[in-house]
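model this:
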Amino acid sequence: MRNKVTKAIFPVAGLGTRFLPATKSVPKEIMTLVDRPLIQYAIDEARAAGIKEFIFVTSRGKGALEDYFDHSPQLENELRKKGKTDLLEILKTTNMDSGAIAYMRQHKALGLGHAVWCARRLIGNEPFAVILPDDVIAAEKPCLQQMVEAYEETGGNMVAAMEVPAAKASSYGVLDINEDMGSMVSVNGMVEKPEPGTEPSNLAVIGRYILSPHVLKNLNKIKSGAGGEIQLTDAIAQEIGTERGVYGYRFRGQRFDCGSKSGFLQATVAFGLSRDDLRDDLHAYLTDLMATEKAAQ
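Alright, predicted model coming up:
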């Protein structure tokens, strides 16, 4: 019987320079998509997948991120006095029980692989998930939950994958496919940010992983790779050909790159239109905006 995936690492040490000046004082992960911070979407997805232990790899200046998950007695009392039970229920989803969440510092920006390695002692010898909060995925069944269900059949190592245009492949880790089984592919190789025209497929890795603890052992030995950073894909690639293997999972859903301004705006519109309380006003505004632009042309 395979060990269940109950631990997840959230690498949140980045400076968010693409969102300056906002991120000068506000961690990027706290920036709100409609009315929830990016990190809340990641936490909700992890909870739906059965994650019980949440490990954040942070850096200096991320205090607001830690405060977000703490209880706020004064705010809760004020809402209770005013009878705003609906808001109290929403607030409960942001609270984390003592012992369920841990914070590790990444003192140097040495890449995603190094960030994951920083949490090695809290993972031990168990399989674990990695969630990048920048990748927000709208899906009927949360992406990580889909992957956990598939992992229960395959074991090994699994990365979320989606098809990307050839022109954008150099921005991703790209899979070299051994066997295509529909929603699942077995992996023959992984290339981090391939040079244009050299990508082995159009199937790119995005920010969801389920990994064997052996990946942490591989990170112990690995040297810096693409961009002078310690690449997580290099450590995962070392699992190819072992009895554990590496699989790519074509998830069902739409991914938004909220680490970019355009992706963040697209997600805001998409999530706004999905809300019953916002859809009509937002749709009317967008319709009027398009009509005004068309008339101006």
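
show me the residue sitting in the middle of this structure in space.
Against the mean C-alpha coordinate of the chain, by CA atoms, centre = their mean, the closest residue is residue 132 at 2.5 Å.

wait, that residue sits on residue 207?
Yes - Residue 132 is within contact range of residue 207, at 2.8 Å (criterion: CB atoms under 8 Å). C-beta here means a position set from N, CA and C on the backbone, and glycine is covered the same way.

okay, and the beta partners of residue 157?
residue 246 (DSSP bridges).

give me the distance between it and residue 232.
Counting by CB to CB, to the nearest Å, the gap from residue 157 to residue 232 is 11 Å.

now list whatever residues contact both of the two.
Taking CB atoms under 8 Å, 6 or more residues apart in numbering as the contact rule, residue 157 and residue 232 both touch 209, 215.

helix/strand/coil for residue 40?
Three-state call for residue 40 (DSSP: H, G, I helix; E, B strand; the rest coil): helix.

still on that earlier bit, looking at residue 157 and residue 232, which has the bigger crowd around it?
Neighbours per residue (other CB atoms under 10 Å) separate residue 157 from residue 232, with residue 232 holding more: 29 against 25.

what pairs with the strand or helix carrying residue 207, and is each one parallel or antiparallel?
Using DSSP states H and E, residue 207 maps to strand 203-211. Partners of strand 203-211 in the sheet, by DSSP bridges, are strand 128-131 (antiparallel), strand 157-163 (antiparallel), strand 173-180 (antiparallel).

of all the ones you listed, which lies closest to residue 236?
Taking CB to CB, strand 157-163 is the member of those nearest to residue 236, at 5.7 Å.

how about residues contacting the closest one?
143, 147, 150-151, 173, 175, 185, 187, 202-212, 215, 236, 239, 244-251, 255.

measure residue 80 to residue 243 for me?
Separation of residue 80 from residue 243 (CB to CB) stands at 55 Å.

higher neighbour count, those two?
residue 80 (12 against 7).

gap between residue 148 and residue 53?
Using CB to CB, residue 148 is found at 14 Å from residue 53.
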